[in-house]
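Colleague: got a sequence here, can you model it:
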Amino acid sequence: MKIAPEELLRQHNLSLTAVRLALLEALHANPHSDAARIFDVVHNKIAAASKQAIYNNLNTLVECGIVREIKPKGQASLYETRTGDNHHHIVCRSCAGVFDTDCHDCAPCLTPKDSHGFVIDEAEVIFWGVCPSCQNNHNSKGKNNAEC
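Modeller: Have a look, this model is predicted:
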């Protein structure tokens, strides 16, 4: 988050609520978190915060472009405050860790064969694989380990 959360909310004509500010702070400190993780962090700071308030605020912040929602297949939606740069993600099949990866070129970094007349301004890609830590765990446990 390059701009202070208060300023971001003001720029989008959103009220500065304690839950909204705590949510943005939680996401900045814990990128690629799901709503349950965000709720835990915010609830520890603001005991009166409800799960519904977290979901409502996440939806609002995604709609305004302040927060980005990532939807890896088979997982809960993840959220981050890094927006507007068309970066992509790499997800570990073993530990479900999520990592940012930048494009080689300017946005969009993928070009469809047929744009069907659309003006394309973004491409969303999720790469899947096994992270170095899980590779090392797999190699140290032997190749027949069903966990990795």
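
Colleague: when you work out contacts or count neighbours from here on, use the C-alpha atoms and nothing else.
Modeller: OK.

Colleague: please, where are all the helices along this structure?
Modeller: Using DSSP state H, the helices of the chain run over residues 5-11, 18-29, 35-45, 51-64, 132-141.

Colleague: which among those is found nearest to residue 77?
Modeller: helix 35-45 (7.6 Å; CA to CA).

Colleague: poorly predicted segments of the protein, please.
Modeller: Within the chain, the ranges that satisfy pLDDT under 70 run 1, 105-109, 139-148.

Colleague: show me it divided up by domain.
Modeller: By the assignment in automatic domain parsing, the chain contains the domains 5-70, 84-141.

Colleague: among the ones you listed, which is the most enclosed?
Modeller: domain 5-70 (a mean of 17; mean count of other CA atoms under 10 Å).

Colleague: and the helices of the chain as TSV, adding distance to residue 121?
Modeller: Listed next are the helices of the chain as TSV, based on distance: least, CA to CA, whole Å:
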stretch	distance to residue 121
helix 5-11	22
helix 18-29	25
helix 35-45	27
helix 51-64	17
helix 132-141	32
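
Colleague: gap between the nearest residue to residue 127 once chain neighbours are set aside and residue 131?
Modeller: Nearest residue to residue 127 in three dimensions, chain neighbours excluded: residue 90, at 4.5 Å (CA to CA, 6 or more residues apart in numbering). From residue 90 across to residue 131, the span is 9 Å (CA to CA, to the nearest Å).

Colleague: please look at the residue nearest to residue 127 and residue 124 and confirm they touch.
Modeller: No. Between residue 90 and residue 124 there is no contact under CA atoms under 8 Å: 11.5 Å.

Colleague: joint contacts of the two?
Modeller: By CA atoms under 8 Å, 6 or more residues apart in numbering, residue 90 and residue 124 have no common neighbours.

Colleague: next, the contact list for residue 30, please.
Modeller: Counted by CA under 8 Å, 6+ apart, residue 30 has contacts residue 80.
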